[in-house]
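In: what's the 3D shape of this:
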Amino acid sequence: MKIWRVLPGALAVLMVAAPIMARAQAVDEAAAKNAAQARAVLDEMVQALGGDLWLNIRNQELIGKFAAFFHGNPNLGTTTYFDYHAWPDSDRIEFTKHRDVVQFFVGRQGWEVTYRGKKALPKDQVDEFLRRRDHSIETAVKVWMKDPKTILMYDGKQLAERHLADQVTLISAQNEAITILTDSQTHLPLQCSFQWRDPVYKDKNTEIVEYDDYHTIDGFPTPFSLSLVKNGETVRQYYITGAKYNQDLPADFWDVDATARRIKGK
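Out: Alright, predicted model coming up:
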């Protein structure tokens, strides 16, 4: 084969391929720069929340009241609650001033304890709670950000409840997403949202947790106002009156059966 016959064809291929390769490289560089910016926003958020101390909280307790909403309108009255959480999968919520109704979400199971004993919570209620836990800011930072397969995207500046915010989206290897908005000045979280598809009706739902009115408790910025919004409608609002961190809880604190025996014996 005459080399002079091959050269023109090879040169033509290179001339076509070079711009394509250059564009691909530019796209990769832009994506890497965007991901680095998204990570920087999340790192600033973690530092604002308390840095390593926040990352290593042993447990927390939120004390307050909540109101339920129906079609955007609040139901009459509020319910007193004491909400305990320990990473990664232990939650205990005590209701009423007497704290004699207790719900547990430990692992992937949910239980309710009353003076009648314990019973499993309905599956849809457990699934709802676990979805929010699986798409929380804590899970986004402690699990998703550590996975090299997670995609980080900086979505730019947004307005959230009259605050200028930085928006970041995390996309997991399972193609699930968490979107977080942080205050551009304080770097504290303002919103955390995710979407999920109803297994029966197949429609897509959007859930948002809004954070406001931060107070520093035991060195940790704590939102005293939390709102749960589903598909554009507020479904629940929490009014925090106090918080405690890193308490020495009883050895059987997360034991459902021990709590059932204690409440039944009152």
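
In: What's the mean pLDDT across whichever strand or helix holds residue 222?
Out: Per DSSP states H and E: residue 222 is located in strand 220-230. For strand 220-230, the mean pLDDT works out to 97.

In: Now find how far off-centre that strand is within its chain.
Out: Distance, stretch centre to chain centre, for strand 220-230: 12 Å (C-alpha atoms, centre = their mean, to the nearest Å).

In: next one: stretch 164-182
Out: Between the centre of stretch 164-182 and the centre of its chain there are 10 Å (C-alpha atoms, centre = their mean).

In: cool, stretch 209-221 as well?
Out: 15 Å.

In: how about the CA coordinates for that stretch, as CSV?
Out: C-alpha atoms of stretch 209-221 as CSV (Å, rounded to 0.1, in the frame of the first residue of the first chain):
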residue,chain,number,x,y,z
VAL,A,209,-38.2,20.1,54.3
GLU,A,210,-37.8,23.8,55.0
TYR,A,211,-35.6,25.1,57.9
ASP,A,212,-35.8,28.5,59.5
ASP,A,213,-35.3,30.4,62.8
TYR,A,214,-31.9,29.0,63.8
HIS,A,215,-30.8,29.1,67.4
THR,A,216,-27.4,27.8,68.7
ILE,A,217,-27.9,25.0,71.3
ASP,A,218,-24.8,23.3,72.8
GLY,A,219,-22.8,24.8,70.0
PHE,A,220,-25.0,23.5,67.2
PRO,A,221,-27.2,25.7,65.0
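
In: all helices for the stretch 1-150 of the chain, in order.
Out: Per DSSP state H, counting those that start in this stretch, the stretch 1-150 of the chain carries helices over the ranges 3-49, 52-55, 123-134, 137-142.

In: Check which helices and strands the next helix or strand after the strand holding residue 222 sits against.
Out: With elements assigned by DSSP H and E, the helix or strand that comes after strand 220-230 is strand 233-245. When contacts are defined as 3 or more C-beta pairs under 8 Å, 6 or more residues apart in numbering; DSSP states H and E, strand 233-245 sits against strand 60-70, strand 204-217, strand 220-230. C-betas here are computed from N, CA, C, even on glycine.

In: Make CSV from these and add mean neighbour count to it.
Out: Below are the helices and strands packed on strand 233-245 laid out as CSV (neighbours: other C-beta atoms under 10 Å):
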stretch, mean neighbour count
strand 60-70, 16
strand 204-217, 16
strand 220-230, 17
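
In: how about a markdown table for these, with distance to residue 51 added?
Out: Formatted as a markdown table, these follow (distance: least, C-beta to C-beta, whole Å):
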| stretch | distance to residue 51 |
| --- | --- |
| strand 60-70 | 16 |
| strand 204-217 | 14 |
| strand 220-230 | 10 |
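
In: who wins for proximity to residue 253 among these?
Out: strand 60-70 (10.8 Å; C-beta to C-beta).

In: what angle do that closest one and strand 233-245 make?
Out: Taking axes from the mean of the first three to the mean of the last three C-alpha atoms, to 10 degrees, one finds that strand 60-70 is oriented at 160 degrees with respect to strand 233-245.

In: Show me what strand 60-70 pairs with in its sheet, parallel or antiparallel.
Out: Using DSSP bridges, strand 60-70 pairs in its sheet with strand 73-74 (antiparallel), strand 79-86 (antiparallel), strand 233-245 (antiparallel).
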